[in-house]
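Undergrad: show me the folded form of this:
(one chain, ligands or ions: 1)
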Amino acid sequence: MKTINIAIDGPAGAGKSTIAKMVSAEMGYIYVDTGAMYRAVALYLTENNIPDEEAEKHVDEVEVSLKFVDGTQRVYLGDRDVSDLIRTPEISMAASRTSAIPAVRARLFDLQQKLARENNIIMDGRDIGTVVLPYADVKIFLTASAEERAKRRYKELSEKPDCPSYEEILKDIIQRDYNDMNRETAPLKQAEDAVLVDTTELTLEQSAARIAEIIKERV
Ligand code: DC
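TA: Here you go, the predicted structure:
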């Protein structure tokens, strides 16, 4: 039976994962966060002191898998749940570099396509509509200004100890946007047939409602 595949791409911090989670819960689809897979590979390389130049030789030994517990994705390295360990600023920056390595992308690509063949999914990332699921039923490109994304991230982190400054967060976002958009393999870009949603002026609820509406119109 053909599964339904929804692709959501866009830059870091545009709200993809929060919104995709809300919409997938509403529609009963599985939400797949592909960024977590790149982060898990980056964590593996970091923990094993493997420099990016050597990553290709080690890519086959990295066992990334996803489990879905009550609809929530958990990411595993072997049998270790690393879902929380991958959320540090260091791993964010490392994942941005790791994801430029073609051998890493090839490995995760197979895993992502298999998930899409077997489940009704909303999958978010950078190259889902362009490379991983070119025949997705619906493609959305979700974005917001870099300043607005930094502001949201700052607000989210400001309660925590060692919160970086707004300026540091903005600088990181601009750097990651640059890396994601300018790498040679599968750079971040809007697919020709994707619907653009700019959330700079929208609340989370408004953004989720807009996306649910786009999906329902097409599926
Ligand atoms: O969405 P995120 O910030 O968790 O993603 C982590 C990194 O992985 C980010 O720098 C972009 C990269 N990535 C990618 O290249 N392709 C994807 N499909 C998803 C993420």
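
Undergrad: where along this structure do the helices fall?
TA: Shown for the chain, the helices assigned by DSSP state H span residues 16-27, 34-47, 55-58, 89-98, 102-118, 146-157, 166-182, 204-218.

Undergrad: nearest to the ligand, out of those helices?
TA: The ligand lies closest to helix 34-47 among these, at 2.4 Å (C-beta to the nearest ligand atom). Every residue, glycine included, has its C-beta placed from N, CA and C.

Undergrad: how far away from the center of its chain is the closest one?
TA: Its chain's average C-alpha position is 12 Å from that of helix 34-47, according to C-alpha atoms, centre = their mean, to the nearest Å.

Undergrad: please apply the same query to stretch 198-206.
TA: 18 Å.

Undergrad: contacts for that stretch?
TA: Contacts with stretch 198-206, where a contact means C-beta atoms under 8 Å, 6 or more residues apart in numbering, come from 14-15, 18-19, 22, 142-145, 148, 207, 210.

Undergrad: what's the answer for stretch 209-219, then?
TA: Counting by C-beta under 8 Å, 6+ apart, residues outside stretch 209-219 touching it are 4, 6, 8, 19, 23, 26-27, 137-138, 140, 142, 195, 197, 202.

Undergrad: try it again with 6 Å
TA: Applying C-beta atoms under 6 Å, 6 or more residues apart in numbering, the external contacts of stretch 209-219 come out as 4, 6, 19, 23, 137-138, 195, 197.

Undergrad: same question for stretch 15-34.
TA: By C-beta under 6 Å, 6+ apart, stretch 15-34 touches 8, 10, 68, 73, 112, 115, 119-125, 142, 199, 207-208, 211-212.

Undergrad: just the buried members of these?
TA: 8, 10, 73, 112, 115, 120-125, 142, 199, 207-208, 211-212 (16 or more other C-beta atoms under 10 Å).

Undergrad: what does this structure put close to the ligand?
TA: 12, 34-35, 38-39, 92, 95-96, 99, 125-128, 176, 180 (C-beta under 6 Å from any ligand atom).

Undergrad: phi first, then psi, for the residue nearest to Arg152 when sequence neighbours are not counted.
TA: For Arg152, ignoring the flanking residues on the chain, the nearest one in space by C-beta to C-beta, 6 or more residues apart in numbering is Gly13 at 6.5 Å. Here is the backbone geometry of Gly13 (degrees, to the nearest 10): phi 80, psi 10.

Undergrad: Gly13 touches Lys151, doesn't it?
TA: No. Under the criterion of C-beta atoms under 6 Å, Gly13 is not in contact with Lys151, lying 9.5 Å apart.

Undergrad: ok, these two, which is more surrounded?
TA: Neighbours were counted for Gly13 and for Lys151 using other C-beta atoms under 10 Å; Gly13 has more, 22 against 16.
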